[in-house]
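J.: Return atomic coordinates for the entry below.
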Amino acid sequence: GTPEWGKYPDSPANSDVIPADLPQMFDSAWVCLSSSDPCIVRPEAKRWLTMVLTKTNDGRCLGAAITAQRFFARLDQPPLFQTNIQNTYELLLGNARRNIVYYHVQQWTPDISSSTNFQFGQDLSSTINHIRQGLAGERTQIPTIAIAPRASGAAATMGHAVTPYALTDRGNGRFIIDVYDNADPGKTGNFLEINTQMNEWIYTHNLAISGDWSGTKDTIVAIPNDLFKAPGSRLICPWCSDTSRQIDFAGIGSFYISDAQNKKTGMVNGEILREIPGIMASPTFAGPTTPSEPVYQLPSNNDYILHIRGNDLQASDIQPSSLIQYSLNHVAEVSNIVVSPATDDTVQIAPDSSTISYHANSKRELTLRLMGTYQSIGYTIEIIGADVAANQSIELRTEDGRLAFSEANANGGIYDVRIIRDAPQGTSSLILRSVAIAGGDTQYIDYGAWNGGGAVTFSTDKNSDGLIDVSEQRYSQTYQIYVPLGTR
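T.: Below is the predicted model:
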């Protein structure tokens, strides 16, 4: 049987994996700015950690399934997590939750996402063979089953993970797989039925969700558990490859990627398309009630157009979304993208994450963010409240320690700037508030020459003709607090 072991607690996961855990998950050279102690965490690593923990707050089913399987396989022992116990069912979840999240967040790494991408779409006879071999061998070989259902009442990007413990051959290509569902702890009666002749599956469950789930070979995968690494066994990080880059989209609407031949990969009309050679779109798994966007792996040497559309939304569906790209030593991000049914925006991010170009089909006020390491110093640079009118474009780029924000193809506006500098001596920040930029202009900030104190060089190229017209020193600004006067 399977351990009677329960759900992850409902409280946020924000402290379940902390920066100090990252050198156990990835090579410390990609986590820390230098080899000296203490580790000063790179901004790329900090941003990834914040992102995955935010996603984990929506659900932790994959981490719970991996943890349950590790207990079942006796790879982990309950006394390691809680003293004076011997059995899994005695374990208090509060003592194992960090372990659950440690495994759960690994799905947003190239190691896991590339494996799940390759297996999606295989004939279900191959999936059955993988599960059968795992159950017939050592417990350590039992895979985790992840499903991305397309049933009525379930979002197109829903993802859930369960642990198999028995397989029955019913003949004529029909198989029953009994599973432990970590969203239904201590219960039996949850099972998958797979038809290898039709390449279809259905999940019958006891969850408090109406209807069974079903799908095809494109929506189920058996993930080898040995892909997930225990602390001390390192994974490849999304920002440490010179051959690939990773894109994560969070929010509502459809996100997809197109190439020069207008081939598409991503969510189009509620289905995942995989038309572009070399791009992987791997579903992620948060829980049985939580939509979860795919994670994308792209070649590092090709240009693509990123599309954010709201055509499949209802009139009441208006929420902010965000888009992040990780590449070698750098991260580019656009947030506060308020997606509505009318949204049809495009984004181009340079393969090395040095440039963001955003074209909006309606008025927006965006936050653009570039992060990375320059001369062994970590920098996070934000343009907050960047104005872009309908059918216009803005651009943010960085090169050799200089930031350029361009409204050359826009009407201009008002924005704030924040620079965060991480160095062995400590972290410092600079804020410029209510910066005005005229339509057609480009403004520059020499952040690489800023030493963490004093002023920064700020320049304006009027009409973006390549000539600096105004250059000045600007100091960090803070909000002034006004205290009302009173009389006795």
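J.: show me where this structure has helices.
T.: Counting by DSSP state H, the chain forms helices over residues 22-25, 28-31, 43-56, 61-72, 97-104, 110-119, 124-136, given from the N-terminal end onward.
J.: out of these, deepest packed?
T.: With neighbours defined as mean count of other CB atoms under 10 Å, the helices of the chain peak in mean count at helix 61-72, which reaches a mean of 27. (Glycine included, C-beta is placed from N, CA and C.)
J.: Not counting its own residues, what contacts it?
T.: Contacts of helix 61-72 from elsewhere in the structure, counted by CB atoms under 8 Å, 6 or more residues apart in numbering, are 2-3, 5, 7-8, 56, 76, 78, 88, 96, 99-105, 107, 139, 142, 144, 146, 159-163, 165, 180, 182-183, 225, 228, 284-288.
J.: now do stretch 213-222
T.: The contact list for stretch 213-222 (CB under 8 Å, 6+ apart) reads 116, 119-124, 127, 130-131, 134, 143-151, 154, 158, 160, 194, 199-203, 205, 272, 283.
J.: Between the two ends of that stretch, how far is it?
T.: Chord length of stretch 213-222, first to last residue, is 17 Å (CA to CA, to the nearest Å).
J.: Pull out the buried residues from it.
T.: Using 16 or more other CB atoms under 10 Å as the test for burial, stretch 213-222 gives Trp213, Ser214, Gly215, Lys217, Asp218, Thr219, Ile220, Val221, Ala222.
J.: a markdown table for the residues you listed, including distance to Lys264?
T.: Below are the buried residues of stretch 213-222 laid out as a markdown table (distance: CB to CB, whole Å):
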| residue | distance to Lys264 |
| --- | --- |
| Trp213 | 26 |
| Ser214 | 25 |
| Gly215 | 21 |
| Lys217 | 20 |
| Asp218 | 15 |
| Thr219 | 18 |
| Ile220 | 23 |
| Val221 | 22 |
| Ala222 | 27 |
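J.: farthest pair in the residues you listed?
T.: Based on CB to CB, the longest span within those runs between Ser214 and Ala222 and measures 17.3 Å.
J.: Pipe the helices of the chain into a markdown table and attach distance to Ala360 and mean pLDDT per row.
T.: Output for the helices of the chain, formatted as a markdown table (distance: least, CB to CB, whole Å; pLDDT from 0 to 100):
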| stretch | distance to Ala360 | mean pLDDT |
| --- | --- | --- |
| helix 22-25 | 35 | 95 |
| helix 28-31 | 34 | 94 |
| helix 43-56 | 23 | 93 |
| helix 61-72 | 35 | 89 |
| helix 97-104 | 34 | 92 |
| helix 110-119 | 29 | 83 |
| helix 124-136 | 42 | 92 |
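J.: okay if I get the ones you listed as TSV plus distance to Asp344?
T.: Formatted as TSV, the entries for the helices of the chain read as follows, by distance: least, CB to CB, whole Å:
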stretch	distance to Asp344
helix 22-25	37
helix 28-31	37
helix 43-56	25
helix 61-72	32
helix 97-104	33
helix 110-119	27
helix 124-136	36
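J.: To Gly253, which of those lies closest?
T.: If you check each of the helices of the chain against Gly253 by CB to CB, helix 43-56 wins as the nearest, at 16.6 Å.
J.: and that closest one, what other elements does it pack with?
T.: With contacts defined as 3 or more CB pairs under 8 Å, 6 or more residues apart in numbering; DSSP states H and E, the packing partners of helix 43-56 are helix 97-104, strand 244-250, strand 319-327, strand 330-339, strand 364-374, strand 377-388.
J.: which other residues reach it?
T.: When contacts are taken as CB under 8 Å, 6+ apart, the neighbours of helix 43-56 outside the stretch itself are 13-14, 16-17, 19, 22, 26, 30-31, 63, 101, 104-105, 108, 237-239, 248, 250, 284, 286, 292, 324, 326, 329-331, 333, 371-373, 378-380, 420, 422.
J.: Can you flag the buried ones in those?
T.: 13, 16-17, 22, 26, 30-31, 63, 101, 104-105, 108, 237-239, 248, 250, 284, 286, 292, 324, 326, 329-331, 333, 371-373, 378-380, 420, 422.
J.: Now do the strands for the stretch 101-250 of the chain: every range, in order, please.
T.: Applying DSSP state E, counting those that start in this stretch to the stretch 101-250 of the chain gives strands spanning 144-147, 158-171, 174-180, 191-195, 200-204, 213-216, 220-223, 244-250.
J.: packing partners for the last one?
T.: So that's strand 244-250. Based on contacts counted as 3+ CB pairs under 8 Å, 6+ apart, the elements that strand 244-250 packs against are helix 43-56, helix 110-119, strand 295-299, strand 319-327.
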